[in-house]
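*Asks:* what's the 3D shape of this:
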Amino acid sequence: MNEYQIKIHYETGSSLHNEDVTNYLDISWKNLDIAKENLQRIKEHYQMYQEINGYGKKLTKNQILDKNKHKEWFVNTLKLFCISSNNAIDEKDKKKVGDGNWEYRYDEHYSIYCLKLKLDNGNDMQMSAHWCGYFETLHEAEIEMTNNNDMKISFN
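*Replies:* As a prediction, this is how the structure comes out:
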């Protein structure tokens, strides 16, 4: 039986050097429809990433995250913040900062740099979107068939 993998082509680098990278996600699917759904999840997540990091954006980062929080790929990990200092705090510090001075907010790192992909069994798996970053630009993602040994021969 054939399996399907998603191949990611993106640019990465540093201030001094850029390079094109092509690699495969660490998971594969037997169900082509689920692989296609995951390709769509990658697309929507990257569109959110671009909207957050784009110039001339009309919405704040939290408004953009809020707009996407109900999507199946969205990583909605919450973190406790002190409202007056705008800093993350521990659960034990709730009483210290006082009632009404703390709230749960998105852990922006996970919401922006991670996404959930669906496995063949219907469960979601959270993974890093390594094609998102200061020096990264996603060029394309595509589904490729694996285990097609009958369509290629090699002579070593």
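
*Asks:* What are the buried residues along the helix or strand harbouring residue 9?
*Replies:* Counting by DSSP states H and E, the element that carries residue 9 is strand 3-13. Of all the residues in strand 3-13, those buried under the rule 16 or more other CB atoms under 10 Å are 3, 4, 5, 6, 8, 10, 12. Where you see a C-beta, it was placed from the backbone N, CA and C, and this is true even at glycine.

*Asks:* Name the strands paired with the helix or strand where residue 80 lies and say parallel or antiparallel.
*Replies:* Assigned by DSSP H and E, residue 80 belongs to strand 78-82. Counting by DSSP bridges, the strands paired with strand 78-82 are strand 87-88 (antiparallel), strand 102-106 (antiparallel).

*Asks:* Output the below-cut-off pLDDT ranges for this structure.
*Replies:* 148-154 (pLDDT under 70).

*Asks:* where along it do the helices fall?
*Replies:* 32-53, 61-68, 94-97, 108-113 (DSSP state H).

*Asks:* Could you list the alpha-carbon positions for stretch 43-61 in CSV?
*Replies:* Taking C-alpha atoms only, stretch 43-61 is exported to CSV below (Å, rounded to 0.1, in the frame of the first residue of the first chain):
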residue,chain,number,x,y,z
LYS,A,43,-1.3,26.6,4.2
GLU,A,44,-3.7,28.2,6.7
HIS,A,45,-1.1,28.3,9.5
TYR,A,46,1.5,29.9,7.2
GLN,A,47,-1.1,32.5,6.1
MET,A,48,-1.7,33.3,9.8
TYR,A,49,2.1,33.5,10.3
GLN,A,50,2.5,35.9,7.4
GLU,A,51,-0.4,38.1,8.6
ILE,A,52,1.2,38.4,12.1
ASN,A,53,4.6,39.2,10.7
GLY,A,54,3.6,41.3,7.7
TYR,A,55,3.9,45.0,7.2
GLY,A,56,0.9,47.2,7.3
LYS,A,57,-1.2,44.7,9.2
LYS,A,58,-4.7,45.9,10.2
LEU,A,59,-5.1,43.6,13.2
THR,A,60,-3.0,43.1,16.3
LYS,A,61,-1.2,39.9,16.9
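
*Asks:* what about residue 17, neighbour count?
*Replies:* 8 (other CB atoms under 10 Å).

*Asks:* Contacts for stretch 19-31, please.
*Replies:* With contacts defined as CB atoms under 8 Å, 6 or more residues apart in numbering, stretch 19-31 is touched by 1-13, 35, 38, 117, 119-120, 125, 127, 139, 144, 146.
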